[in-house]
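Participant: Coordinates only, no sequence provided:
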Ligand SMILES: [Zn+2]
């Protein structure tokens, strides 16, 4: 199964051996889910989106800060997000592609 990241402009897909992890939206926690949606500013999903539409969508780990992840005993990053984590990083390695994609996708400027 291929995972897609919900963040507009993010072209990350799961591939074997890659270090990116994918995280479901916190659909059970409506307030937090809305915070996520505000943060990612998706043109199709906003504050009026029903939670059940979101339960199959995921966001990749590139949009979270190191401190948003639970750490294991060695201080290494695990793939579990903290309950307080909100996606906050929206820069991508392939910037040229991002600009073309986002200008087509929405009228928002970055
Ligand atoms: Zn992503």
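Facilitator: Everything's here; your move. What you are looking at is a predicted structure, and each value in this text was computed from that prediction instead of being measured.
Participant: Strand partners (parallel or antiparallel) of the strand or helix carrying residue 78?
Facilitator: Element membership for residue 78 (DSSP states H and E) is strand 77-81. Within its sheet, and counting by DSSP bridges, strand 77-81 is paired with strand 69-71 (antiparallel).
Participant: mind listing what's buried in the partner strand?
Facilitator: Across strand 69-71, burial judged by 16 or more other Cβ atoms under 10 Å covers residue 69. For glycine as for every other residue, the C-beta is placed from the backbone atoms N, C-alpha and C.
Participant: List the contacts of that strand.
Facilitator: 61, 77, 78, 79, 80, 81, 82, 85 (Cβ atoms under 8 Å, 6 or more residues apart in numbering).
Participant: quick check, distance from it to the centre of its chain.
Facilitator: Strand 69-71 sits 16 Å away from the centroid of its parent chain (Cα atoms, centre = their mean, to the nearest Å).
Participant: excluding its backbone neighbours, what's nearest residue 58?
Facilitator: With sequence-adjacent residues excluded and distances taken as Cβ to Cβ, 6 or more residues apart in numbering, residue 58 is closest to residue 22, at 4.1 Å.
Participant: mind showing which ranges of this protein have poor pLDDT?
Facilitator: 1-2, 13-18, 77, 92-110 (pLDDT under 70).
Participant: Give me every residue in it lying close to the ion.
Facilitator: Proximity of the chain to the ion (Cβ under 5 Å from the ion) is limited to residues 5, 7, 10, 12, 60, 62.
Participant: Quick check, the fourth one in contact with residue 60.
Facilitator: Read it as residue 12. Yes: under the criterion of Cβ atoms under 8 Å, residue 12 makes contact with residue 60 at 4.5 Å.
Participant: Could you save the residues of the chain next to the ion as CSV and add columns showing neighbour count and distance to residue 70?
Facilitator: Formatted as CSV, those follow (neighbours: other Cβ atoms under 10 Å; distance: Cβ to Cβ, whole Å):
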residue, neighbour count, distance to residue 70
5, 23, 20
7, 23, 21
10, 21, 22
12, 19, 21
60, 22, 17
62, 18, 17
